[in-house]
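1. Need a 3D model of the following:
(2 chains)
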Amino acid sequence: MIGDRWSRTFALGLIGVASFSSLLPIVLAVMNALKTTVEIGSNPLALPIQLHWENFSSAWRNAQLGPSLLHSAEVAILTIVMVCVTATPCAYVLARQKGKLWRFITFYFMATITVPVQLYLYPLYFIFAKLGLVNSIPAVALIYTAMFSPFAIFLLRTYALAIPVALEEAAQVDGAKPWQTFFYVILPMMRPGLLTVAIIVGLNAWNEFVIAVTFLQNDSNVTAIVRFYNLTGQYSTDWGEMLAAAVTIVLPIVAIFVLLQRQFIDGMTSGAVKS
Amino acid sequence: MWLFALPALLINICIILVPAVLTFTAAFFIWDGVGMPVWAGLANFQNMAADPVFWSALTNNFIWTAIFLTVPVCLALVMAAALLMAPKARIVVQSIIFLPRIIAVAVTGRIFQGMIFSPATGVVAWLNEHGFSISDPLADPDRSLYAVAAVDIWHWWGFLAVVFLAAMRQISVDQIEAARLDGAGFFALFRYVLLPGIRPTLTLMLILTVIWSFQVFEFIFIVTRGGPAYGSEVLATFAYRHAFFEGDVGQAAAAACVMSLFGLCATAVYLWLQITDDAQST
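-> Here you go, the predicted model:
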């Protein structure tokens, strides 16, 4: 056990306060999602007297959450598929090929991780407008693919680096072509990495705001996040219904987080922890 | 082998590199996004330099950087050390403080507006009823930036603590045990063992903080839109406003270039660290 009694008490106190402040806004949101607007106004910190589940049904109906959640899922799945399909082979060659050119490509992908959206957003929007790609869900998924694949490439590359080269050489000796080696030898060994990539990319696509709010402008094809943003404002009045919508949008993410915490935390902290 | 990298590279170049080069070019043109661009030389930059809102936005970016280099980093370091000492609580608490990071920014922003800052329905309202006198910080040009920063800190610091904890757990137990046997208390252990032990991780996170602080957009756009009275305007909201609400894409591009310039120095350090690290691991 590390530390004396005093510092352990301090640590536990700190952990208590930290957990409380992390949970407070979430708990308030869930609690007030079940109250009427009048109740929220009279005391936002009080527990609901009666559970007003109808907030959820009216949020679902008024905000047309159903179709927008479907669009979010569509964008997320399309992005996951495109990122996995393009990033996996790329990660594999970047792990295997040496030489100046490949080093430069690795460097380029690293640089794009830190490039601000603002640096390419404006021309991209007006180009897409000209091409008629504004308000198109696949077009948004394509932008996400470009934004999120550098992260995926570096995560998958660490998996590829861990695969012994002898395995590929054995496959080559047996007469396998490069694509066969990739499909039958490399891909199966990258599977755990692909699961992490799918989770993180899916999360990012589901939650993304700037691109979604800029490129999706018709109520008929917005994602849940944009729908929620458009419907609510600083001076919203029906907080009960609004919070019910918020809880509905966040719930699928939290459910997956509870089930797959390891992948979430490992994936999101990957690259950040140096030894 | 070329073909393996081609799809990812092609998508990245078309979506990021080409428009980025165009942004740099557009900064020297007057362009509304639809019509023909007209050469403007340095006019966009000159207009920007004459605009007090640009300077206050830039200042706000520096304030934001200063806040995020200190407040969440200190909170996260102390929290990570505390969690290191409480192995039983670690897994559950780690998930709890990580949770804010996975909630969509748009949702978090609205929850804080309604449930925390609102003088009608939030914690602020409750405090006012119980003897305090606090006005809505989001409606005050002098405090709105700090109020939004508080929301972002809530969303960010727990993630940072989890990163630092993971780094601290790589420090050998023997080293910590030896320090403890030498009579090191919490502070000495923190200062002489844990902090030096996670230096590479800490450095990386500080550099990323600088890069991200000059890009900050989402929380501010969602919670205050840069207002009131441009009180919380930063370069990113300044650029977005010019491009999409004022039809002045050239001006927006110029602001985006300035933004990127500040991040660029930090990015250079980041890339250098990554490359040296990469050379060691391959």
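2. all contacts plus neighbour counts: C-alpha atoms, from now on.
-> Noted.
3. which helices and strands does the helix or strand harbouring A:Asn204 pack with?
-> Per DSSP states H and E, A:Asn204 falls inside helix A:191-207. Contacts defined by 3 or more CA pairs under 8 Å, 6 or more residues apart in numbering or on different chains; DSSP states H and E place helix A:191-207 against helix A:65-96, helix A:137-162, helix A:261-269.
4. so what does the lowest-mean-pLDDT helix or strand in chain B touch, helix or strand wise?
-> Lowest mean confidence among the helices and strands of chain B (mean pLDDT, DSSP states H and E): helix B:186-189, at a mean of 82. Using 3+ CA pairs under 8 Å, 6+ apart, the elements in contact with helix B:186-189 are helix B:173-181.
5. Can you name every helix or strand that the helix it packs on contacts?
-> helix B:186-189.
6. Report the buried residues of the helix or strand following the helix it packs on.
-> For helix B:186-189, the succeeding helix or strand toward the C-terminus, using DSSP H and E, is helix B:195-197. In terms of neighbour count (16 or more other CA atoms under 10 Å in any protein chain shown), helix B:195-197 has its buried residues at B:195, B:197.
7. Need the residues that contact helix B:195-197.
-> B:167-168, B:171 (CA atoms under 8 Å, 6 or more residues apart in numbering or on different chains).
8. Using CSV, write out every CA atom in the helix or strand following it.
-> Using DSSP H and E, the next helix or strand after helix B:195-197 towards the C-terminus is helix B:199-213. The C-alpha trace of helix B:199-213 is given here as CSV (Å, rounded to 0.1, in the frame of the first residue of the first chain):
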residue,chain,number,x,y,z
ARG,B,199,7.4,13.4,-17.9
PRO,B,200,7.2,12.1,-21.5
THR,B,201,3.4,11.7,-21.3
LEU,B,202,3.0,15.1,-19.5
THR,B,203,5.1,16.9,-22.2
LEU,B,204,3.0,15.4,-25.0
MET,B,205,-0.3,16.3,-23.3
LEU,B,206,0.9,19.9,-22.7
ILE,B,207,1.9,20.3,-26.4
LEU,B,208,-1.4,18.8,-27.5
THR,B,209,-3.2,21.3,-25.2
VAL,B,210,-1.5,24.2,-26.9
ILE,B,211,-2.4,22.9,-30.3
TRP,B,212,-6.1,22.3,-29.3
SER,B,213,-6.4,25.6,-27.5
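9. starting at the chain centroid, how far to the helix or strand that helix B:199-213 is followed by?
-> Once the chain leaves helix B:199-213, the next helix or strand it forms, by DSSP H and E, is helix B:218-223. On the basis of CA atoms, centre = their mean, to the nearest Å, helix B:218-223 is displaced by 12 Å from the centre of the chain it belongs to.
10. Tell me which residues of the least confident helix or strand of chain B come out buried.
-> Buried residues in helix B:186-189 (16+ other CA under 10 Å): B:186, B:189.
11. quick one: the helix holding A:Asn204 to helix A:261-269, angle?
-> Calculated by axes from the mean of the first three to the mean of the last three CA atoms, to 10 degrees, helix A:191-207 forms an angle of 70 degrees with helix A:261-269.
12. And the helix or strand following helix A:191-207, what does it pack against?
-> Next in sequence after helix A:191-207, counting helices and strands by DSSP H and E, comes helix A:210-215. With contacts taken as 3+ CA pairs under 8 Å, 6+ apart, helix A:210-215 sits against helix A:118-130, helix A:137-162.
13. Let's test this: mean pLDDT of helix A:210-215, rounded?
-> In this model, helix A:210-215 carries a mean pLDDT of 96.
14. Not counting the helix or strand just after that helix itself, show me its contacts.
-> Downstream of helix A:210-215, the next assigned helix or strand under DSSP H and E is helix A:224-231. Helix A:224-231 is contacted by residues A:63, A:65, A:68-69, A:71-72, A:206-209, A:212-213, A:219, A:245-246, A:249, B:104, B:106-107, B:222 when judged by CA under 8 Å, 6+ apart.
15. list the buried ones in helix A:224-231?
-> A:224-229.
16. The following helix or strand past it near chain B at all?
-> Downstream of helix A:224-231, the next assigned helix or strand under DSSP H and E is helix A:239-259. Yes. Against chain B, helix A:239-259 shows contacts by CA under 8 Å from any CA of the partner chain at A:239, A:243, A:246, A:250, A:253-254.
17. hmm, back to that, if you count neighbours, what's buried in the helix holding A:Asn204?
-> Buried residues in helix A:191-207 (16+ other CA under 10 Å): A:193-194, A:196-207.
18. among the helices and strands packed on helix A:210-215, which is nearest B:Asp140?
-> helix A:118-130 (27.0 Å; CA to CA).
19. isn't A:Ile143 right up against B:Ile13?
-> No. Using CA atoms under 8 Å, A:Ile143 is not in contact with B:Ile13, being 11.1 Å away.
20. higher neighbour count, these two?
-> A:Ile143 (20 against 17; other CA atoms under 10 Å in any protein chain shown).
21. Now the more buried one: closest residue in space that isn't a chain neighbour?
-> The shortest distance from A:Ile143 to any non-neighbouring residue, by CA to CA, 6 or more residues apart in numbering or on different chains, is to B:Ile15 (6.3 Å).
22. hang on, the earlier thing: could the helices and strands packed on helix A:191-207 go into JSON lines alongside distance to B:Asn47 and mean pLDDT?
-> Conversion of those to JSON lines gives the following (distance: least, CA to CA, whole Å; pLDDT from 0 to 100):
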{"stretch": "helix A:65-96", "distance to B:Asn47": "39", "mean pLDDT": "94"}
{"stretch": "helix A:137-162", "distance to B:Asn47": "31", "mean pLDDT": "94"}
{"stretch": "helix A:261-269", "distance to B:Asn47": "41", "mean pLDDT": "88"}
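23. Quick one: those as TSV, columns for distance to B:Pro72 too.
-> Output for those, formatted as TSV (distance: least, CA to CA, whole Å):
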stretch	distance to B:Pro72
helix A:65-96	30
helix A:137-162	24
helix A:261-269	16
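24. which residue packs closest to B:Leu160, ignoring adjacent ones?
-> B:Ala76 (5.7 Å).
25. For that neighbour, give its distance to A:Thr9.
-> 18 Å (CA to CA, to the nearest Å).
26. So which of the helices and strands packed on helix A:210-215 is the most surrounded?
-> helix A:137-162 (a mean of 22; mean count of other CA atoms under 10 Å in any protein chain shown).
27. Past it, which element shows up next along the chain?
-> helix A:165-173.
28. quick check: mean pLDDT across that following helix?
-> pLDDT averaged over helix A:165-173 gives 88.
29. do that helix and chain B meet at all?
-> No. Under the criterion of CA under 8 Å from any CA, chain B is not reached by helix A:165-173; the shortest gap measures 12.8 Å.
30. Remind me what the helix or strand that that helix is followed by packs against, helices and strands.
-> On the C-terminal side of helix A:165-173, the closest following helix or strand by DSSP H and E is helix A:178-181. Helix A:178-181 sits against helix A:165-173, with contacts defined as 3+ CA pairs under 8 Å, 6+ apart.
31. Run the chain-centre distance for the helix it packs on.
-> For helix A:165-173, the distance to the chain centre is 36 Å (CA atoms, centre = their mean).
32. Tabulate the CA atom coordinates of that helix in PDB.
-> Presented in PDB, the C-alpha positions along helix A:165-173 are these (Å, rounded to 0.1, in the frame of the first residue of the first chain):
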ATOM      1  CA  VAL A 165       7.500 -10.900 -40.100                       C
ATOM      2  CA  ALA A 166       8.300 -14.600 -40.100                       C
ATOM      3  CA  LEU A 167       4.600 -15.300 -40.500                       C
ATOM      4  CA  GLU A 168       4.400 -13.400 -43.700                       C
ATOM      5  CA  GLU A 169       7.600 -14.900 -45.000                       C
ATOM      6  CA  ALA A 170       6.200 -18.300 -44.400                       C
ATOM      7  CA  ALA A 171       3.100 -17.400 -46.400                       C
ATOM      8  CA  GLN A 172       5.200 -16.000 -49.200                       C
ATOM      9  CA  VAL A 173       7.300 -19.200 -49.300                       C
END
